[in-house]
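>>> Below is the sequence, then the predicted model.
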Amino acid sequence: MDNIHTVWTYLQDKFKETLSKVSYDTWIQSASLVRLSDNSITIEVPSTLHKEYWKNNLSTKVVEYLYEYLGREISPLFVTADEQATFMEQDTNEKVDPFTSENKSSTLNSKYTFDTFVIGKGNQMAHAAALVVAEEPGTIYNPLFFYGGVGLGKTHLMHAIGHQYLQINPNARIKYVSSENFANDFINSIQNRTQEKFRQNYRNVDLLLVDDIQFFADKEGTQEEFFHTFNALYDDRKQIVLTSDRLPNEIPKLQERLVSRFAWGLSVDITPPDLETRIAILRKKANAEGLEIPNDTLSYIAGQIDSNIRELEGALVRVQAYSAIQRNDITTSLAADALKSMIKNDGKQNISIASIQQKVSKYYQISLTDLKGKKRVRQIVLPRQIAMYLSRELTSTSLPKIGKEFGGKDHTTVIHAHEKIKKLLNEEENGEMREQIEEIKKSL
Ligand SMILES: Nc1ncnc2c1ncn2[C@@H]1O[C@H](COP(=O)(O)OP(=O)(O)OP(=O)(O)O)[C@@H](O)[C@H]1O
């Protein structure tokens with residue numbers, strides 16, 4: 001039977017024969033075959049830039065090669081890692097790919113393993129807890145709860161637990177889902193009167209991984225259902241792993257009984273990586289993709305992107321693509337050029353948090369010390385939240401870093417401020433506030 005690995009190896013070999021080394025390294029090495037069915041395949045690529053390239057330059061070849069190998073016409077679909085994550089979640093309840101023998105792990109991203117995870121100060125404890133849970137599930141830390149800012153490796157660790165668990169128990173039933181997909185599955189099951197199937201799907205598993213549970217906020221029916229799912233699995237001593245961008249008690253409108261259950265196990269935060277860890281992550285990614293990048297260039301890139309690992313990876317992809325397009329080796333000056341255009345593209349590089357703070361404090365006539373301080377009076381709190389909102393909207397700075405710039409506040413305070421101002425701006429009666437914010441923006 002055709003196996004996803006052999007088909008991918010065949011395609012890789014064919015491309016190796018026809019492409020130059022640098023093209024092969026840039027486009028093929030960075031991709032992976034994530035799904036194979038009777039008449040289609042899905043290839044995961046690192047970015048939209050790669051996706052366009054595959055579509056325009058490589059897709060005809062894929063069809064041709066697969067026809068040669070499989071004797072039938074197969075249409076290729078290209079997805080970025082983010083899109084793939086969504087597909088995976090949507091797919092978990094339904095199809096079983098007849099061509100792979102790895103159905104149990106089909107919901108796990110093969111790149112997110114313990115082997116590819118770099119340990120640093122900010123994630124050491126989370127990593128250790130993840131390993132314990134993978135090896136002794138359902139006993140010591142149940143549930144295991146990871147929380148922290150965007151793109152810091154929570155999902156990666158979750159998948160790593162799944163892979164490790166499967167390695168030890170090859171027949172284990174594992175389910176990975178985002179909280180949004182859990183909610184969608186639940187709603188669909190009500191609409192289609194398939195609630196029993198839904199329950200079986202979620203309760204007959206050995207390991208349940210639920211990502212981004214902050215999106216349970218405000219979804220009462222889903223919380224109710226999740227409460228029962230949680231209880232059934234917990235009583236059965238099945239391991240549950242959850243992630244969120246904040247602690248359970250900071251998730252608005254999360255039922256108290258869920259908050260308290262989530263606290264039964266272990267909650268561990270993941271904080272942004274220091275420079276050394278960022279360099280180590282870049283080095284590992286570069287090695288995995290067979291890229292030769294001098295150490296000073298790796299340090300340069302790591303120095304530019306200082307908090308979010310997803311962005312750090314994006315920067316590496318950009319540098320890699322830039323070098324392939326320019327047909328030049330990767331050097332620090334090439335990286336600087338590549339990243340300059342990246343930063344220019346999102347238009348966020350020129351505005352600093354300090355300038356936002358200055359303009360906002362001047363506009364509302366409060367001191368900078370108050371703006372960054374802890375006073376809770378309305379005349380100060382609102383400008384402070386507006387300044388945080390603008391910092392999030394107009395700069396690429398991570399949430400924890402914004403919090404730090406505002407007198408060492410937690411990233412959840414920034415999330416809260418951003419959400420609050422966004423909501424106020426959407427309310428019709430707040431026209432005056434919209435104008436004020438526009439005026440501040442113009443002055444920046
Ligand atoms: N310590 C690490 N070592 C290697 N790669 C990492 C590490 N941490 C994160 N990454 C990589 O960074 C990217 C983002 O990580 P991930 O998706 O796990 O973040 P997250 O915390 O779940 O973010 P979000 O809150 O947006 O869901 C992934 O490609 C992941 O492989």
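Now that the structure is in, tell me what you want to look at.
>>> Surely Val177 is in a strand?
Yes - Val177 sits within a strand when classified using DSSP: H, G, I helix; E, B strand; the rest coil.
>>> which residue is nearest the centroid of this protein?
Gly151 (4.9 Å; CA atoms, centre = their mean).
>>> any idea how far it lies from the ligand?
Distance of Gly151 to the ligand, computed by CB to the nearest ligand atom, to the nearest Å: 4 Å. C-beta here means a position set from N, CA and C on the backbone, and glycine is covered the same way.
>>> Contact partners for that residue?
Contact analysis of Gly151 by CB atoms under 8 Å, 6 or more residues apart in numbering lists 308-311.
>>> ok, now with 10 Å
With contacts defined as CB atoms under 10 Å, 6 or more residues apart in numbering, Gly151 is in contact with 272, 307-314, 398.
>>> what about it, distance to Ser59?
Using CB to CB, to the nearest Å, Gly151 is found at 29 Å from Ser59.
>>> Could you list the low-confidence segments of this structure?
Counting by pLDDT under 70, the low-confidence segments of the chain come to 1-2, 84-106, 341-350.
>>> Around the ligand, pick out the residues from it.
112, 116-118, 123, 150-156, 212, 245, 281, 309-310, 313 (CB under 6 Å from any ligand atom).
>>> one more time with 8 Å, if that's ok
By CB under 8 Å from any ligand atom, the part of the chain that sits against the ligand consists of 81, 85, 111-112, 116-120, 123, 127, 146, 148-159, 211-212, 243, 245, 270, 273, 277, 280-281, 284-285, 308-310, 312-313.
>>> Make a ChimeraX selection of the buried ones in the residues you listed.
Of the residues of the chain next to the ligand, the buried ones can be selected in ChimeraX as follows, counting by 16 or more other CB atoms under 10 Å:
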select :81,85,111,112,117,118,120,123,127,146,148,149,150,151,152,153,154,155,156,157,158,159,211,212,243,245,270,273,277,280,281,285,308,309,310,312,313
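>>> So which of the residues of the chain next to the ligand are in strands?
Judged by DSSP state E, the subset of the residues of the chain next to the ligand located in strands is 146, 148, 211, 243, 270.
>>> What spatial separation is found between Lys441 and the ligand?
According to CB to the nearest ligand atom, Lys441 and the ligand sit 26 Å apart.
>>> check contacts around that residue.
Counted by CB under 10 Å, 6+ apart, Lys441 has contacts 351, 356, 359, 390, 393-394.
>>> Try it again at 8 Å.
390, 394.
>>> repeat for Gly162
Residues in contact with Gly162 (CB under 8 Å, 6+ apart) are 105, 107-108, 134, 174, 176, 207, 209.
>>> Of these, just say which sits nearest to Leu298.
Set against Leu298, the nearest of those by CB to CB is Leu108 (28.4 Å).
>>> quick one: the helices in the stretch 201-350 of the chain?
For the stretch 201-350 of the chain, applying DSSP state H, counting those that start in this stretch gives helices covering 220-235, 256-262, 275-288, 295-304, 309-326, 332-346.
>>> Which part of the stretch 1-150 of the chain gets nearest to the ligand, residue-wise?
Closest residue of the stretch 1-150 of the chain to the ligand, CB to the nearest ligand atom: Val118 (3.7 Å).
>>> Oh, that last question was meant for the stretch 51-200 of the chain, not what I typed.
Closest residue of the stretch 51-200 of the chain to the ligand, CB to the nearest ligand atom: Gly153 (2.6 Å).
>>> And the strands in the stretch 1-150 of the chain, which stretches?
Residue ranges of the strands in the stretch 1-150 of the chain, as given by DSSP state E, counting those that start in this stretch, are 32-36, 40-45, 75-80, 144-148.
>>> Need those strands in CSV (columns: distance to Gly431).
Putting the strands of the stretch 1-150 of the chain into CSV (distance: least, CB to CB, whole Å) gives the following:
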stretch, distance to Gly431
strand 32-36, 47
strand 40-45, 44
strand 75-80, 38
strand 144-148, 36
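>>> now, of these, which is deepest in the fold?
Ranked by mean neighbour count under mean count of other CB atoms under 10 Å, these are led by strand 144-148, which reaches a mean of 25.
>>> And for Trp27, nearest residue in space, chain neighbours not counted?
Of all residues not flanking Trp27 in the chain, Tyr53 sits nearest, at 5.9 Å (CB to CB, 6 or more residues apart in numbering).
>>> so that neighbour makes contact with Ile28?
No - the criterion here is CB atoms under 8 Å, and Tyr53 misses it with Ile28 at 10.7 Å.
>>> Just the buried positions in stretch 59-73, please.
By neighbour count on 16+ other CB under 10 Å, the buried set for stretch 59-73 is 59, 61-62, 65-66, 70.
>>> cool, stretch 156-175 as well?
156-166, 172, 174-175.
>>> swap in stretch 12-23?
Judged by neighbour count (16+ other CB under 10 Å), stretch 12-23 contains these buried residues: 14-15, 19, 23.
>>> ok so, going back, in the contacts of Gly162, which residue is surrounded by the most others?
Neighbour counts for the contacts of Gly162, by other CB atoms under 10 Å, peak at Tyr176, which reaches 27 neighbours.
>>> That one and Gly138: what is the separation?
Distance of Tyr176 to Gly138, given as CB to CB: 17 Å.
>>> re earlier: deepest in the core, which of the helices of the stretch 201-350 of the chain is it.
Among the helices of the stretch 201-350 of the chain, helix 309-326 has the highest mean neighbour count (mean count of other CB under 10 Å), at a mean of 20.
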